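Fold the following, please.
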Amino acid sequence: METGQRIFQTNNNTDSTLQNKLSIQVSLSGLSFCVLNKPSKRILHHSYIAFNKIVPPIEVLKQLKEHLSSNKLFQQDFKDVTVIHDNALATLVPKSLFNKNNLSDYLKFNSKILNNDFITFDELSQNEIINVYVPYVNINNFIFDTYGTFEYNHYSTLLINTLFEIHDGGANASMYVNIRSNHFEIVILKNKELILFNSFEYKTEEDFLGAGSIIHAGVSESSRNHLLDSESEKASTEFFRVVDGSSDAQSQLVESFRQSLGGRNLIELGMESDLILAAAMDQCCLVPCLCSKTGRLVSFDTLQCIRK
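I've put the predicted structure just below:
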């Protein structure tokens, strides 16, 4: 195709029975397709289309139509069809505080939404948590016209539910880092409870090293092999390559930052000393909060005192 997209695909021989499930993951940077034969639990087809850049929803729909029409496997009657919406327009809300009449209020504080955006929600399998999000309505409409009734969820709902299934429920907190091509998610579970979920974008080598340092700090070496996906393993490996087992990891990181685009920019601006600060690890054992009254970053306890 002329869009510069990359397509990765695997196929197996299809079963004669029509007990197949189609799953489609949709984002502005790519599409993923999976056909599963439910009785045998065998994957019959898997393909991934990676766009070279972020594209608008109308272009995503165009690529989706072209891919579905190009393979006869997609032109069958599926037992189940699921669409997974992958975007940053989502937030988690405790069920005890949830009111379905206030969906836009939950999103507007951390997402840019439009007045005419359709907002929906998923209920997580545990913890009585509601995931409020904006799906791609044009994709949903097309899938309904093509296949009839189908289910849809937000990507983070499935991610957190899956981690709940594999989490041992112990008293010690477990951190999971899911790194993808331009962003990563961090999930922390403890005693079968969700302690933290957040998503972070990354664009530079420094961002990637930061992700690797988070993995280094939060995932024990003994569990690293079976908890990390390929991208997380890559970030962790890159972090260890830079620090190279050195007792002075900060100096190693500073040297790496000097070679990066952002580091060179700081040096040109006469702010090389900032690289030392940026490379410092484990300097603060708390998460800072922005105080709206003072405009300063303070500890959570200090923020509570100010509010009083």
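
Residue 138 against residue 58, yeah?
Yes. Applying CB atoms under 8 Å, one finds residue 138 in contact with residue 58, separated by 6.9 Å. Glycine gets a C-beta too; all of them are placed from N, C-alpha and C.

And these two? Which one has more around it.
Between residue 138 and residue 58, residue 138 has the larger neighbour count (other CB atoms under 10 Å), namely 14 against 8.

Would you mind checking the average pLDDT for the helix or strand encompassing that one?
Taking DSSP states H and E as the definition, residue 138 sits inside helix 137-147. In this model, helix 137-147 has a mean pLDDT of 95.

which helices and strands does it pack with?
Contact here means 3 or more CB pairs under 8 Å, 6 or more residues apart in numbering; DSSP states H and E; on that basis helix 137-147 packs against strand 20-27, helix 57-69, strand 80-85.

Recalculate using a threshold of 7 Å.
helix 57-69, strand 80-85 (3 or more CB pairs under 7 Å, 6 or more residues apart in numbering; DSSP states H and E).

Pull the residues that contact the first one.
So that's helix 57-69. 26, 28, 31, 33, 49, 74, 136, 138-139, 142 (CB atoms under 7 Å, 6 or more residues apart in numbering).

The same query, at a cut-off of 8 Å, please.
1, 3, 5, 24, 26-28, 31, 33, 47, 49, 51, 55, 74-75, 136, 138-139, 142, 146 (CB atoms under 8 Å, 6 or more residues apart in numbering).

For the closest residue to residue 56 other than its chain neighbours, give me its contacts.
Excluding the flanking residues, the one nearest residue 56 by CB to CB, 6 or more residues apart in numbering is residue 28, at 7.3 Å. Contact partners of residue 28, counting by CB under 8 Å, 6+ apart, are 51, 54-57, 60, 87.

Same check on residue 92?
124, 129-132, 156, 194, 197.

10 Å instead?
Residue 92 makes contact with 106, 122, 124, 127, 129-133, 156-157, 160, 194, 197-198 under the criterion CB atoms under 10 Å, 6 or more residues apart in numbering.

Restricted to helices, list those.
By the criterion of DSSP state H, membership of the contacts of residue 92 in helices covers 106, 156-157, 160.

quick one: low-confidence parts of the stretch 101-250 of the chain?
Across the stretch 101-250 of the chain, the ranges flagged by pLDDT under 70 are 203-250.

Which parts of it are helices?
103-107, 137-147, 155-166, 205-218, 221-227, 230-243, 249-259 (DSSP state H, counting those that start in this stretch).

Could you break the protein into its assigned domains?
Following automatic domain parsing, the chain resolves into domains at 6-164, 179-279.

Distance to residue 170 added to the ones you listed, as a markdown table?
Converted to a markdown table, these look like this (distance: least, CB to CB, whole Å):
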| stretch | distance to residue 170 |
| --- | --- |
| domain 6-164 | 13 |
| domain 179-279 | 7 |
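
what's the burial count for the residue lying closest to residue 31 once chain neighbours are set aside?
Excluding its sequence neighbours, the residue lying closest to residue 31 (CB to CB, 6+ apart) is residue 49, at 4.5 Å. By the measure other CB under 10 Å, the count of residues near residue 49 is 21.

in which helix or strand would I find residue 49?
Going by DSSP H and E, residue 49 is in strand 42-50.

Tell me, how many residues neighbour residue 34?
18.

doesn't residue 73 make contact with it?
No. If you go by CB atoms under 10 Å, residue 34 and residue 73 don't touch, sitting 11.1 Å apart.

Could you name every residue contacting both of these two?
In contact with both residue 34 and residue 73: 22, 44-45, 47, using CB under 10 Å, 6+ apart.

and the residues you listed as JSON lines, adding pLDDT?
As requested, the shared contacts of residue 34 and residue 73 are exported to JSON lines (pLDDT from 0 to 100):
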{"residue": "22", "pLDDT": "95"}
{"residue": "44", "pLDDT": "91"}
{"residue": "45", "pLDDT": "91"}
{"residue": "47", "pLDDT": "91"}
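
Let me have those in a markdown table, extended by distance to residue 268 and neighbour count.
Formatted as a markdown table, the shared contacts of residue 34 and residue 73 follow (distance: CB to CB, whole Å; neighbours: other CB atoms under 10 Å):
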| residue | distance to residue 268 | neighbour count |
| --- | --- | --- |
| 22 | 52 | 23 |
| 44 | 54 | 19 |
| 45 | 50 | 19 |
| 47 | 44 | 18 |
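
which residue packs closest to residue 150, ignoring adjacent ones?
Per CB to CB, 6+ apart, closest to residue 150 is residue 81, 3.9 Å.
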